[in-house]
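K.L.:
give me the fold of what follows.
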Amino acid sequence: MPDRVILRFTKAWSKYNVGEIAGFDPGRARQLIGKVAKVHEPDEATDAALIEARNAEAEEKRLIEREAAIAAREADLDRREAAMASPAPTAPAPNTDPGMLTDPVGNTGPAKAPEPKADPKPTEKPTAKDGGKDDDAGKPPAQGKPAGGKA
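P.N.:
Residues are numbered from 1 along each chain as shown. You can find the predicted model right below:
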């Protein structure tokens, strides 16, 4: 493969602008030299200045991004410090100890089983002596006897 010829464009051509540098095969380079380009003579001072300018731009961009990141971190830190300086009132933490119970008022004490509720006194059913209909009221009839207990 033949070596490439490095050209600097003196006029805009195709995708290249004035001052840009590109490499071409010798045949294409001969067609462009004198019309839109000239052979590039490396100038170390110019190339070094271009490289330095590109590096400076990249460094400046990096510094701007870093300053923005630092500003964001400082704002976050200020927000956290303000939150720590004036804590919002909070409800007391719920009691999670299984050995302790909390009553509706919020007092805690040793766990104890709730006392069973006493059954209300059974009501006395009226008997025949007390003016009721029948002592056997509410009982199923015996086999072969009509309902109501009378045969």
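
K.L.:
what about the helices in the chain?
P.N.:
26-32, 44-85 (DSSP state H).

K.L.:
mean pLDDT, distance to Val5 and mean neighbour count added to those helices, as JSON lines?
P.N.:
Quick note: C-beta positions are derived from backbone N, CA and C, even for glycine. Output for the helices of the chain, formatted as JSON lines (pLDDT from 0 to 100; distance: least, CB to CB, whole Å; neighbours: other CB atoms under 10 Å):
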{"stretch": "helix 26-32", "mean pLDDT": "94", "distance to Val5": "4", "mean neighbour count": "13"}
{"stretch": "helix 44-85", "mean pLDDT": "86", "distance to Val5": "17", "mean neighbour count": "10"}
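
K.L.:
could you dump the ones you listed to TSV with distance to Trp13?
P.N.:
Converted to TSV, these look like this (distance: least, CB to CB, whole Å):
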stretch	distance to Trp13
helix 26-32	7
helix 44-85	21
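
K.L.:
now for the closest residue to Ile33 other than its chain neighbours: which residues touch it?
P.N.:
Of all residues not flanking Ile33 in the chain, Val39 sits nearest, at 6.4 Å (CB to CB, 6 or more residues apart in numbering). Contacts for Val39 (CB atoms under 8 Å, 6 or more residues apart in numbering) come out as 5-8, 29, 33.

K.L.:
highest neighbour count among those residues?
P.N.:
Of all the contacts of Val39, the highest neighbour tally under other CB atoms under 10 Å goes to Leu7, namely 22 neighbours.

K.L.:
so how far is Gly19 from that residue?
P.N.:
Leu7 is 11 Å from Gly19, where distance means CB to CB, to the nearest Å.

K.L.:
do the same with Glu57
P.N.:
Distance, Glu57 to Gly19, by CB to CB: 17 Å.

K.L.:
again, but for Ala69
P.N.:
36 Å.

K.L.:
give me the domain ranges for this structure.
P.N.:
Per the record, the chain has its domains at 1-41, 43-87, by automatic domain parsing.

K.L.:
distance to Gly144 added to those domains, as CSV?
P.N.:
Compiled in CSV, the domains of the chain are given as follows (distance: least, CB to CB, whole Å):
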stretch, distance to Gly144
domain 1-41, 119
domain 43-87, 85
